[in-house]
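Visitor: Provide a 3D model corresponding to the input given below.
(one chain, ligands or ions: 2)
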Amino acid sequence: MIPDLMDALVKTKAAPGLTLKKVPVPRVGIGEILIKIHKTAICGTDVHIYNWDPWAEAHIHPEMVIGHEYVGEIAAIGPGVTGYEIGQIVSGEGHIVCGRCRNCRAGNGQWCKHTKGVGVDRDGAFAEYLCIPATNIIVIPEGIDEDVVSFFDAYGNAFHTATMFDVIGEDVLVTGAGPIGVMAAGICAHNGAKHVVVTDMNDYRLDLARKMGATATVNLKYQDLDETMKELGIIEGFDVACEMSGSGAALNQMLKHMRNGGKAALLGISGPGTVIDWNDVIFKGLTLQGIYGRKMYETWYKMMSMVEAGFDLHPVITHRFPYTDFEKGFEAMNSGQSGKVILSWEK
Ligand code: NAD
Ligand code: ZN
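Guide: Ligands and ions are numbered 1, 2, ... in the order given. All right, here's what the predicted structure looks like:
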């Protein structure tokens, strides 16, 4: 029985914090699926919204339910939807796209001109139920731990970035050991990189990067990237890089340490007006690729296959709380002493 009301974490007003309150369970419409949420994970975006920083102020319109990393089961199927069954374990792509624009029709939904974000532009997943278009549903293969599935959205960001360029036998630099950088390091190592070097200023997170398979980590507060490269025998510079920090300083350090002809995938969202030395790009013949979201839906297919084949994401999970303790979850995220933080919605 689907109730009329549910618990949800709601941004009720333009101010820091979230409110746990009862809201109506969304009604499943034509072409939609209602998901009963089992677990959610907290993303950096949710932290921006929680803290109510300038980005959140410009993008979020209270009152709304937030959250977009989740796993659950199909609870109701809307009219016109075929091929799904009640009870199937699912997650969902967090971008709702138009299906009409040039990119959508070319199979590049991640670049849709009219994209809308679940938990950003419309109600999200930090609730007992979530309603999304059936086209966004991802059916999860049997046997994958739901804890891991709860942050597949973020794993998809890491996977899309880390697989943008061929890393087999290559020296890879990952700047930023947030949860996504840590996962990207693990993916590059798993995919046959020669060395994966991760930079950050946070030892707790660099430790997670090593647990996921990074060859070496550099705490920029007291270690030197050039020294580490020398120790590893990286003479000409990094062949491939993943920018996962959103820091202009990291981006510039990365460009300086690429080999001529190197390739860099940029996921981190730098502040407006970030300056780089374009001569690093031009004289070195670098390739820079911006990354947004996940390839719809090829990234989802491949990243799930890799987990099914044994790639282990558990080391990046550091905290688990019931949803009623959501404040502890955001505290852990804000402390920087965390990887993925999971909130359980199961009673
Ligand atoms: P996060 O904020 O948790 O982690 C960023 C890490 O970078 C932190 O550990 C921080 O200490 C580190 N850092 C800061 N300055 C640095 C420097 N100079 N050198 C090296 N490391 C430095 O972020 P996350 O959740 O892991 O996400 C990574 C980035 O990707 C963020 O910028 C986020 O906004 C962005 N993002 C982009 C997309 C997209 O579609 N493009 C999607 C999700 C996240
Ligand atoms: Zn579109």
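Visitor: Is the one helix or strand in the chain whose mean pLDDT sits lowest positioned near ligand 1?
Guide: Ranked by mean pLDDT, DSSP states H and E, the helix or strand of the chain with the weakest confidence is helix 54-59, at a mean of 95. No - on the criterion CB under 6 Å from any ligand atom, helix 54-59 is out of touch with ligand 1, staying 9.0 Å away. (Glycine included, C-beta is placed from N, CA and C.)
Visitor: quick one: the next helix or strand after that helix to chain centroid distance?
Guide: Of the helices and strands lying after helix 54-59 in sequence (DSSP states H and E), the nearest is strand 64-65. Offset of strand 64-65 from its chain centre (CA atoms, centre = their mean, to the nearest Å): 20 Å.
Visitor: which helices and strands does strand 64-65 pack with?
Guide: Other helices and strands packing on strand 64-65, by 3 or more CB pairs under 8 Å, 6 or more residues apart in numbering; DSSP states H and E, are strand 5-11.
Visitor: tell me what the strand it packs on is packed against?
Guide: strand 19-24, strand 64-65.
Visitor: Restrict the least confident helix or strand of the chain to CA atoms and write it as PDB.
Guide: Extracted in PDB, the C-alpha atoms of helix 54-59 (Å, rounded to 0.1, in the frame of the first residue of the first chain):
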ATOM      1  CA  PRO A  54      25.900  31.400  -3.400                       C
ATOM      2  CA  TRP A  55      25.500  28.500  -5.900                       C
ATOM      3  CA  ALA A  56      22.500  27.200  -4.100                       C
ATOM      4  CA  GLU A  57      21.000  30.600  -3.700                       C
ATOM      5  CA  ALA A  58      21.200  31.100  -7.500                       C
ATOM      6  CA  HIS A  59      19.900  27.700  -8.500                       C
END
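Visitor: contacts for stretch 21-29?
Guide: 2-8, 10, 12, 34, 65, 76-79, 123, 127-131 (CB atoms under 8 Å, 6 or more residues apart in numbering).
Visitor: Using CSV, write down the CA coordinates of that stretch.
Guide: Taking Å, rounded to 0.1, in the frame of the first residue of the first chain, the C-alpha atoms of stretch 21-29 are listed here in CSV:
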residue,chain,number,x,y,z
LYS,A,21,8.8,16.8,7.3
LYS,A,22,5.8,15.0,5.9
VAL,A,23,4.9,15.8,2.3
PRO,A,24,2.5,14.1,-0.2
VAL,A,25,3.8,11.0,-1.9
PRO,A,26,4.1,12.0,-5.6
ARG,A,27,1.4,10.5,-7.9
VAL,A,28,2.7,8.4,-10.7
GLY,A,29,1.8,10.0,-14.1
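Visitor: Let me know the average pLDDT across that stretch.
Guide: For stretch 21-29, mean pLDDT is 98.
Visitor: just stretch 258-267 next, same as before
Guide: On average, stretch 258-267 scores 98.
Visitor: Enumerate the positions of it that are buried.
Guide: Using 16 or more other CB atoms under 10 Å as the test for burial, stretch 258-267 gives Met258, Arg259, Gly262, Lys263, Ala264, Ala265, Leu266, Leu267.
Visitor: is it true that the third one touches Phe238?
Guide: Yes - with contacts counted by CB atoms under 8 Å, Gly262 reaches Phe238, the gap being 6.0 Å.
Visitor: what's the distance between Trp278 and Cys104?
Guide: Going from Trp278 to Cys104 by CB to CB, to the nearest Å gives 32 Å.
Visitor: now do the same end-to-end measure for stretch 234-249.
Guide: 21 Å (CA to CA, to the nearest Å).
Visitor: Give the rounded mean pLDDT of that stretch.
Guide: 98.
Visitor: Nearest to the spatial middle of this structure, which residue is it?
Guide: Centroid-nearest residue in the chain: Ala154, 2.0 Å away (criterion: CA atoms, centre = their mean).
Visitor: In contact with that one, which residues are there?
Guide: Ala154 neighbours (CB under 8 Å, 6+ apart): Ala41, Cys43, Glu69, Pro179, Ile180, Met183, Lys340.
Visitor: before we move on, what about Asp166?
Guide: Per CB under 8 Å, 6+ apart, neighbours of Asp166: Val240.
Visitor: Close to ligand 2: what parts of the stretch 51-200 of the chain are there?
Guide: Contact residues (CB under 5 Å from the ion) of the stretch 51-200 of the chain with ligand 2: Val97, Cys98, Cys101, Cys104, Cys112.
Visitor: Return the residues in contact with the closest residue to the first one other than its chain neighbours.
Guide: Nearest in space to Val97, with sequence neighbours left out and distances taken as CB to CB, 6 or more residues apart in numbering, is Cys112 at 3.7 Å. Contact analysis of Cys112 by CB under 8 Å, 6+ apart lists His95, Val97, Cys98, Cys101, Asn103, Cys104.
Visitor: circling back: and of the contacts of Ala154, the nearest to Val118?
Guide: Nearest to Val118 among the contacts of Ala154, counting by CB to CB, is Glu69 at 9.6 Å.
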